[in-house]
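Undergrad: Sequence and computational prediction follow.
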Amino acid sequence: MQIATWNVNSLAVRLPQLLDWLAERAPDVVALQELKLPDDKFPHEALAQAGYHAAWLGQKTYNGVALLVRAPGTLTDVQRNLPGLADEQARLIAATVRPAGTEAPLRVVGVYVPNGQAPGSDKFAYKMRWLQALRDWLADELARHPRLVLMGDFNITFDDRDVWDPEGLRGAIHCTDEERAHLQALLRLGLHDALRLLDGGAGLYTWWDYRQLAFPKNRGLRIDHILVSEALRPLVRACAIERALRKRPQPSDHAPLVLTLN
DNA sequence: ATGGCCGTTAAAAACGGA
């Protein structure tokens, strides 16, 4: 079973690439971020044609998240945004997913964590508030759903291995101790960083700036993550970054991250 | 060798992204 997350940076622009990739890779479950379109513009018909059921929470211009499940899998009990947080921004979608051919359902949580812009800014404070609300809600969600996957664009690196220039970017947005403490707190809830269960190396990135040849020079950050609960940990087989998607025409600045579970 | 972005918007420069 393959479970993927991808910040598409505009679903309207990236739809052809998404459809190509779904046809090639046939992931069972997909979390999408930065749809940048309102609910009534979500391309559910094209996705159904491609063989995927979808649930989404859109927003005009910014943000927007969705979950896809490959048919004849099912997607039920959809939750949109955090219950404990009054939030105008579309940043979280959760659902109970039963991929085709599996018996036990999974609880899947897709997130687009706020960027934070700069430490000390209002947007940074919002990021911290949002992460605290996520943690509070997730503690209960994990108790209700032991088989849980939390994935998406976290806009936070775990440590220096996730940063192309750790010295130059020390204390910069995505790299502060305050942000990283939130990631560690999520791990203390009983979640595991799927990629790090398999590969301890540096230089594995999911995002590269569009400017200054950052991708060919591999000047990137690992800020997209798939976290799995304790019950799923023994099932983790592989976790791969789909760098090939970053090389196609009109790429997103993020590459998809794909987890293979038994 | 050097510098080079992209997507959005009541629609041109401004904003946000990371």
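TA: Sure, I can see it. Residues are numbered from 1 along each chain as shown, chains lettered A, B, ... in the order given.

Undergrad: Which residues of chain A lie near DNA strand B?
TA: Proximity of chain A to DNA strand B, by Cβ under 7 Å from any atom of the strand, involves residues A:7, A:9-10, A:12-13, A:34, A:36-37, A:60-62, A:114-115, A:117, A:123, A:153, A:155, A:173-174, A:207, A:209-213, A:221, A:223, A:250, A:253-254. (C-beta placed from N, C-alpha, C; glycine too.)

Undergrad: Name the single longest helix found in chain A.
TA: Taking DSSP state H as the assignment, the helix of chain A that covers the most residues is helix A:122-144.

Undergrad: Where does the prediction get shaky in the stretch 1-150 of chain A?
TA: Within the stretch 1-150 of chain A, not a single segment meets pLDDT under 70.

Undergrad: any idea where the strands of it begin and end?
TA: Shown for the stretch 1-150 of chain A, the strands assigned by DSSP state E, counting those that start in this stretch span residues A:2-7, A:29-33, A:52-57, A:65-70, A:74-80, A:92-98, A:106-112, A:148-153.

Undergrad: Burial-wise, tell me which of those comes out on top.
TA: Between the strands of the stretch 1-150 of chain A, strand A:29-33 has the highest mean count of neighbours, a mean of 28, where neighbours are mean count of other Cβ atoms under 10 Å.

Undergrad: CA atoms only for that strand - export them in CSV, please.
TA: Included here for strand A:29-33 are C-alpha records, laid out as CSV according to Å, rounded to 0.1, in the frame of the first residue of the first chain:
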residue,chain,number,x,y,z
VAL,A,29,-4.0,7.4,-0.5
VAL,A,30,-2.8,10.9,-1.3
ALA,A,31,-2.8,14.1,0.8
LEU,A,32,-2.6,17.3,-1.2
GLN,A,33,-1.7,20.8,0.1
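
Undergrad: can you give me the helices for the stretch 151-262 of chain A?
TA: For the stretch 151-262 of chain A, the helices defined by DSSP state H, counting those that start in this stretch cover A:177-188, A:194-198.

Undergrad: Now the most centrally placed residue in chain A. Nearest residue, chain neighbours left out?
TA: Nearest residue to the geometric centre of chain A (Cα atoms, centre = their mean): residue A:152, 1.0 Å. Distance criterion Cβ to Cβ, 6 or more residues apart in numbering; nearest residue to residue A:152, sequence neighbours excluded, is residue A:111 at 3.8 Å.

Undergrad: Report the contact partners of that neighbour.
TA: Applying Cβ atoms under 8 Å, 6 or more residues apart in numbering to residue A:111 gives the contacts A:31, A:33, A:65, A:91, A:92, A:134, A:150, A:151, A:152, A:153, A:154.
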